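Participant: I need the structure of the sequence given here:
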Amino acid sequence: MELKKLSELEKIAKEAGFSFVELDGDIGILANGAGLTMALLDVLSNLNLKPANFLDVGGGADKERVYKALDLLFRMNPKAVLVNIFGGITRCDIVAEAILQALHDFKNTPPMVIRLTGTRDKEGIEILKNEGINAFQDVMDAVKTIQEVIKV
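Facilitator: Coordinates of the predicted model:
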């Protein structure tokens, strides 16, 4: 049996310890937890939206880990990015800070829609909304917004 060669992005993801698979869509996906990521891909697929990847940053992702994941996604040049974080160990305010840092550091970033729920979610959402970034507690609100962003 012949094994598939890893793409450059898949190599970078593997070195960073991410679960990552490139797909053929135009929406970059960052989530924490394989189940949460798969559920999001299913919801998008059911709405005829096309994810560009599967990217699970894992539980307990810190600012540096989220930043590295966004760097990886931005290299894919997706039409938009959808972040879906369930904060148990992961703090949503730290995720929000990583997002702002990445948007500050990288040029020509795609539109982003963020879903944060769990530990310090209200603080994280407030941080993002204060910067004009679409941020929600409910995943379906985020999905509806990404649907609108992709149409533009």
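
Participant: what about the helices in this protein?
Facilitator: Counting by DSSP state H, the chain has these helices, from start to end: 8-16, 34-46, 63-75, 92-105, 121-129, 139-151.

Participant: Enumerate the positions of stretch 29-42 that are buried.
Facilitator: Under the neighbour-count criterion of 16 or more other Cβ atoms under 10 Å, stretch 29-42 has 29-33, 36-37, 40-41 buried. For glycine as for every other residue, the C-beta is placed from the backbone atoms N, C-alpha and C.

Participant: Tell me which two of the residues you listed sit farthest apart.
Facilitator: For the buried residues of stretch 29-42, the farthest-apart pair by Cβ to Cβ is 32 and 41; their separation is 14.0 Å.

Participant: got a list of what residue 62 touches?
Facilitator: Residue 62 makes contact with residue 94, according to Cβ atoms under 8 Å, 6 or more residues apart in numbering.

Participant: Include distance to residue 113 and mean pLDDT when you put the helices of the chain into a markdown table, please.
Facilitator: Shown next, in a markdown table, are the helices of the chain (distance: least, Cβ to Cβ, whole Å; pLDDT from 0 to 100):
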| stretch | distance to residue 113 | mean pLDDT |
| --- | --- | --- |
| helix 8-16 | 21 | 93 |
| helix 34-46 | 12 | 97 |
| helix 63-75 | 13 | 98 |
| helix 92-105 | 11 | 98 |
| helix 121-129 | 10 | 98 |
| helix 139-151 | 5 | 97 |
